[in-house]
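1. kindly generate the corresponding structure for this input.
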Amino acid sequence: MSGKTIWSIMMDNCLPEHGPHNRHFWFAKHLKEQGYNPVVFVASRERGNAIQMIEDDAPFKVDDSYGFPFVYIRIKDYGESMKKRILAIFEFHKRLNKYADTFAEMFGTPDVILGSNGYPLSPWLANRFARKYNAASICEICDLWPLSLEEYDIIKTGGAIAKAMYVLERKNYEGADAIIFSMEGGADYICDKGWDIANGGKIDLAKVHHINNGIDLEAFRYNAATYNCPVDALEDNGKLKIVYAGSVRKANNIGYLVDVAKCMRNDEGIEFVALGAGDELEELRERVRELGLTNIVFPGAIDKREIPASLEKALLLLLYSSSQVNLSQYGMSQNKLFDYLASGKPVLSNLPSNYSIVNKYDCGIERSFADPEDFANQIREMISDKDSMKRWGDNARATAELYSFVSHTNHLIDIIEDITKEEQ
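-> Got it, this is the predicted structure:
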């Protein structure tokens, strides 16, 4: 039994019953089972569902009902305002820094601090805490900031803000004892930036690791057996269900699925169901009405625990996203993919990656498409090939085992023990 205290900083993490961003919750659960003392620091206002977990003026709130401290740091509700969200990011990290010594007294001085990028201030603060408490630090990258912000046109490519953020990103990597990328091509990214030792930089690639997003299979199977599908559109009506389950926002370009549905409006017996909420939901519902389409519906978001039973109703699952070429070259790590795999259903993706899990393990088809009609034809080909559909589904279920949080946590433990071995 280790007994090491592990602090995880991930502002947007939440409880499994509140949304899909549970990576550090599951890490903590399995670390606790193996004798570690995990503490997870998250924002009080959960990003995916806007639930405010601290209703009074308390600076923080501790929930230890899951067997480890899940600590909410109070931030203001920011609604849909990007400006207020940015202010909330600073508020979270400032307040966490302010009460760090209090947390050290409450939970024990940390041996390892994992700062997840999420937001670049989290690994920056992890490095700062590591120096303060004579601990080791892990910089975890779940989102390539600022590259993703440039890709989504949130900030100007090569502009002053981007340059400043790249400097912070590089320093976060240099200051960490270990770097974990959720995307498989993280080491390639560092080399492309010229930040590794071989290219004249300071980063030793030996400290770069890969732990993709994953799934807690025990929880998935429990939820599948316990919670029913709440979506009327997924009830059996004799039609084949093509399902997308994820955020409905401009970054994912879900409007393209409406174009595909338009191409297949005369394909009797096929229905598209796009589960999820986001900034395009009402706009796309209105577009479907204007086009008079009856083969695609947007039911909205459902409880995360109801996802397994809902995916069970599908014939084919769509892993759709806009053409994020600069990001996808380093691999993708969408949470929904691992729900898809665990459901044992074939996957169709339009975002080819150098590190495609779908293609590597033959769980379906992932490639680029010329236009919506090309995408529609691929759907027609796939669902007509019953032998391949069964093979893809079987492979998907087997592949989910490789990405369980049990195996992921074991990998994390290897990293923790390696970077703390000099202190043993």
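2. in stretch 11-30, what's buried?
-> Neighbour counts using 16 or more other CB atoms under 10 Å place 11-16, 18-30 of stretch 11-30 among the buried residues. To be clear about C-beta, it is placed using only N, CA and C from the backbone, and glycine gets the same treatment.
3. what's the spacing between the residue nearest to H93 when sequence neighbours are not counted and T109?
-> Nearest non-adjacent residue to H93, counting by CB to CB, 6 or more residues apart in numbering: L121, 4.5 Å away. L121 sits 22 Å away from T109, going by CB to CB, to the nearest Å.
4. which one's more surrounded, those two?
-> Higher neighbour count among L121 and T109: L121, with 22 against 15, using other CB atoms under 10 Å.
5. verify the stated contact: K336 with V243.
-> No - using CB atoms under 8 Å, K336 is not in contact with V243, being 10.3 Å away.
6. stretch 403-421: which residues count as buried?
-> 403-406, 408-409, 412-413, 415-416, 419-420.
7. try stretch 155-162
-> 155, 162.
8. shaky segments in this structure?
-> Residues of the chain meeting the criterion pLDDT under 70: 1, 48, 321-326, 422-424.
9. give me the most central residue, it.
-> In the chain, the residue lying closest to the centroid (CA atoms, centre = their mean) is N335, at 4.3 Å.
10. so who does it touch?
-> 20-21, 213 (CB atoms under 8 Å, 6 or more residues apart in numbering).
11. could you pull out the strands for this protein?
-> 5-9, 37-43, 60-63, 70-73, 112-117, 136-141, 178-181, 208-210, 240-245, 270-275, 296-300, 316-319, 347-349, 364-366 (DSSP state E).
12. a markdown table for these, including distance to H93?
-> As requested, the strands of the chain are exported to a markdown table (distance: least, CB to CB, whole Å):
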| stretch | distance to H93 |
| --- | --- |
| strand 5-9 | 8 |
| strand 37-43 | 10 |
| strand 60-63 | 13 |
| strand 70-73 | 9 |
| strand 112-117 | 10 |
| strand 136-141 | 15 |
| strand 178-181 | 20 |
| strand 208-210 | 24 |
| strand 240-245 | 31 |
| strand 270-275 | 33 |
| strand 296-300 | 32 |
| strand 316-319 | 32 |
| strand 347-349 | 34 |
| strand 364-366 | 36 |
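13. any chance of CSV for those strands, columns distance to R380 and mean neighbour count?
-> Below are those laid out as CSV (distance: least, CB to CB, whole Å; neighbours: other CB atoms under 10 Å):
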stretch, distance to R380, mean neighbour count
strand 5-9, 45, 27
strand 37-43, 44, 25
strand 60-63, 48, 15
strand 70-73, 46, 24
strand 112-117, 41, 28
strand 136-141, 38, 27
strand 178-181, 36, 23
strand 208-210, 36, 19
strand 240-245, 11, 22
strand 270-275, 9, 23
strand 296-300, 16, 20
strand 316-319, 11, 25
strand 347-349, 11, 25
strand 364-366, 12, 23
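14. of all the ones you listed, which one is nearest E282?
-> Among the strands of the chain, the nearest to E282 by CB to CB is strand 296-300 (8.8 Å).
15. within its sheet, name the partner strands of that closest one and how each one runs.
-> Its sheet considered, strand 296-300 pairs with strand 270-275 (parallel) by DSSP bridges.
16. pull the partner strand out as CSV, backbone CA atoms only.
-> C-alpha atoms of strand 270-275 as CSV (Å, rounded to 0.1, in the frame of the first residue of the first chain):
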residue,chain,number,x,y,z
ILE,A,270,-33.3,4.7,-41.3
GLU,A,271,-33.5,7.4,-38.6
PHE,A,272,-30.8,9.6,-37.1
VAL,A,273,-30.8,10.5,-33.5
ALA,A,274,-28.4,13.1,-32.2
LEU,A,275,-28.2,13.1,-28.4
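17. could you give the angle of that strand to strand 240-245?
-> Angle, strand 270-275 to strand 240-245, by axes from the mean of the first three to the mean of the last three CA atoms, to 10 degrees: 20 degrees.
18. determine how far strand 270-275 lies from the middle of the whole chain.
-> Counting by CA atoms, centre = their mean, to the nearest Å, strand 270-275 is centred 22 Å from the centre of its parent chain.
19. run through who's touching it.
-> Contacts to strand 270-275, defined as CB under 8 Å, 6+ apart, come from residues 231, 233-234, 239-246, 248, 254, 257, 260-261, 264, 284, 295-302, 307, 310, 314, 379, 383.
20. stretch 182-190 now?
-> Counting by CB under 8 Å, 6+ apart, 23, 140-142, 144, 173, 179, 181, 196, 201, 203, 205, 208, 210-213, 329-333, 354-355 sit against stretch 182-190.
21. mind redoing it with 6 Å?
-> With contacts defined as CB atoms under 6 Å, 6 or more residues apart in numbering, stretch 182-190 is touched by 142, 196, 203, 205, 208, 210, 212-213, 330-331, 333, 354-355.
22. swap in stretch 120-135?
-> If you take CB under 6 Å, 6+ apart as the criterion, stretch 120-135 is touched by 9, 93, 109-113, 115-117, 137, 139, 145, 168-169, 172, 175.
23. stretch 4-19 too?
-> Under the criterion CB under 6 Å, 6+ apart, residues 21-22, 24, 36-43, 46-49, 51, 92, 108, 110-116, 118-119, 122, 126, 304-305 lie in contact with stretch 4-19.
24. quick check: end-to-end length of it?
-> Using CA to CA, to the nearest Å, the gap from the first to the last residue of stretch 4-19 comes to 29 Å.
25. what's the burial count for the residue nearest to S148 when sequence neighbours are not counted?
-> Excluding the flanking residues, the one nearest S148 by CB to CB, 6+ apart is L327, at 5.9 Å. By the criterion of other CB under 10 Å, L327 has 22 neighbours.
26. how much space separates L327 from A225?
-> Between L327 and A225 the computed distance is 36 Å (CB to CB).
27. in the stretch 301-424 of the chain, which spans are helices?
-> 307-311, 325-328, 335-343, 357-360, 372-384, 386-402, 405-419 (DSSP state H, counting those that start in this stretch).
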